[in-house]
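Asker: predicted model, plus sequence, below.
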Amino acid sequence: MTLTEVKDKTTKKQFLDVARIVYKDDENWVCPLDNDIEAVFDPQKNNFHQFGTCTRWILKNDKGQLIGRIAAFINNKKAYTFEQPTGGIGFFESIDCEKAAFLLFDTAKEWLKERGMEAMDGPINFGENDTFWGLLSEGFSQPSYGMNYHPPYYKKFFDDYGFKVMYEQITNHLYPHVPFPDRFEKIAKWVAQKPGYEFKHLKASDIETFAADFIEIYNDAWKDFKNFVPITHSTILESFNKMKAIMDEKLIWFAYVNGEPGSFIVVLPDANQMIKPLKGKLNLIGKLKFLYYRWKGVKRMRAVVMGTKQHLQNHGLESAIFTKLKEYVLSLNQYEVLELSWVGDFNDKMMALHRSMGATFAHRHLTMRYIFMPETVKP
């Protein structure tokens, strides 16, 4: 087997092609856009390069055939918030061969060790955790946009190599035409009518204001979670700009209490139902196909992220936001399912919210960690 670091046009193309080989007979897989994958590794398009570094490799067998790939990266803002300096691996793909998989893991590990890391998390992304994050372990159906999809045999690779589960990522489904439970509906209507409570959907013409409100809510809502790193203005604007191609302003809602930004939900039409026929290629023909499928409409939405300021988390804002969202969605008579992805098993409040709405289980992903030298870990 031969490992090659990705450094030129040829190896970049081969890195992308590995996934096409692994999933060639899998009808559920949706090929991510090549541009989206390449953007992760482009310093001009991914601001995480400002405070981190990354690289990637492809693996060929003795006949010169592509059989695997992996990327490794270090986010210096986050790496040193753990007990052991921790890097990451992602974009892992491999044929069903343990020797190949372990060689890829070893290569990433050595690269990270040389740069002072003592552990690696994976499979994760060199960016925010809303895309390309986690190992799919349950729910092997067609993924929504940005959600990792893997063959079932990947789990054994990670387990046998020595990765341990850090936390589970749960994705649930809501069906817009199924009524909310009575208790949830009553609370939502009561909150929506309270004096000083206001609900607004996003307006692209005022994106800077909404971006600022998003940052204020998000950084407050998540600040007490372990190893949390505040989101930056440049990161959220970059994310909002990426969403513009498929964004529906009335699927993104904010709640305010006496003028204070309090809660939000970001929902997008599922781009995977638009890009599946493109096979990763957004050339001229691909763009025309994308525009056609966007015009035709999709049946699934994805709730990318939601959050509520800590001191407002028991005020029912989320319930009211979901009823506002549902009113709009039902009027369209288009969407069949809303995917709530994803919630960490450590987030008890959000898990409880999903249950209160009557959501049903869809997918389970795992964020895993491998410690290089367990004997050096402090007791």
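Answerer: Looks like it arrived, so ask away.
Asker: what is the burial count for Asp121?
Answerer: Residues lying near Asp121 (other CB atoms under 10 Å) number 20. Yep, even glycine has a C-beta here, placed from its N, CA and C like the rest.
Asker: tell me which element it is part of?
Answerer: Using DSSP states H and E, Asp121 maps to strand 119-122.
Asker: pairing partners for that strand, with directions?
Answerer: strand 86-94 (parallel), strand 360-371 (antiparallel) (DSSP bridges).
Asker: what mean pLDDT does that strand have?
Answerer: Averaged over strand 119-122, pLDDT sits at 97.
Asker: what's the first helix or strand after it?
Answerer: With elements assigned by DSSP H and E, the helix or strand that comes after strand 119-122 is strand 135-138.
Asker: now do that following strand: everything it contacts.
Answerer: Strand 135-138 has contacts (CB atoms under 8 Å, 6 or more residues apart in numbering) with 122-123, 143, 147-150, 154-155, 158, 363-368.
Asker: and stretch 251-259, by the same measure?
Answerer: Outside stretch 251-259, the residues that touch it by CB under 8 Å, 6+ apart are 196-202, 210, 213-214, 217, 261-269, 301, 308, 312, 315, 317, 320-321, 324-325, 328-329.
Asker: tell me the buried residues within those residues.
Answerer: Buried members of the contacts of stretch 251-259, scored by 16 or more other CB atoms under 10 Å, are 197, 199-202, 210, 213-214, 217, 261-269, 301, 308, 312, 315, 317, 320-321, 324-325, 328-329.
Asker: those residues in strands, which ones?
Answerer: Within those, residues falling in strands by DSSP state E are 197, 199-201, 261-269, 301, 308.
Asker: now, the most widely separated pair of those residues?
Answerer: Maximum pairwise distance in these, criterion CB to CB, is 27.5 Å, between Tyr197 and Pro269.
Asker: quick one, strands of the chain?
Answerer: Assigned by DSSP E, the strands in the chain fall at 2-5, 52-60, 66-75, 86-94, 119-122, 135-138, 164-174, 197-201, 252-257, 260-269, 300-308, 337-344, 360-371.
Asker: show the average pLDDT along the first one.
Answerer: Per-residue pLDDT over strand 2-5 has a mean of 96.
Asker: quick one, domains of the chain?
Answerer: Structural domains assigned to the chain are 2-168, 176-335, following automatic domain parsing.
Asker: now the ones you listed as a markdown table including distance to Gly344?
Answerer: Converted to a markdown table, the domains of the chain look like this (distance: least, CB to CB, whole Å):
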| stretch | distance to Gly344 |
| --- | --- |
| domain 2-168 | 5 |
| domain 176-335 | 8 |
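Asker: lowest average pLDDT across the ones you listed?
Answerer: Among the domains of the chain, domain 176-335 carries the lowest mean pLDDT, a mean of 88.
Asker: tell me which of the domains of the chain is the most buried.
Answerer: Here the criterion is mean neighbour count by mean count of other CB atoms under 10 Å, and of those the winner is domain 2-168, at a mean of 18.
Asker: how far does it stretch from start to finish?
Answerer: 34 Å (CA to CA, to the nearest Å).
Asker: so what's the gap between that domain and the chain middle?
Answerer: Centre-to-centre, domain 2-168 and its host chain are 14 Å apart (CA atoms, centre = their mean, to the nearest Å).
Asker: same thing with stretch 308-326?
Answerer: Relative to its parent chain, stretch 308-326 has a centroid offset of 22 Å by CA atoms, centre = their mean.
Asker: likewise stretch 170-178?
Answerer: With CA atoms, centre = their mean, you get 18 Å for stretch 170-178.
Asker: then stretch 244-255?
Answerer: Centre-to-centre, stretch 244-255 and its host chain are 17 Å apart (CA atoms, centre = their mean).
Asker: measure it end to end?
Answerer: Using CA to CA, the end-to-end distance of stretch 244-255 comes to 21 Å.
Asker: now Leu353: how far from Arg20?
Answerer: Distance of Leu353 to Arg20, given as CB to CB, to the nearest Å: 38 Å.
Asker: what of Ile187?
Answerer: According to CB to CB, Ile187 stands 48 Å off from Arg20.
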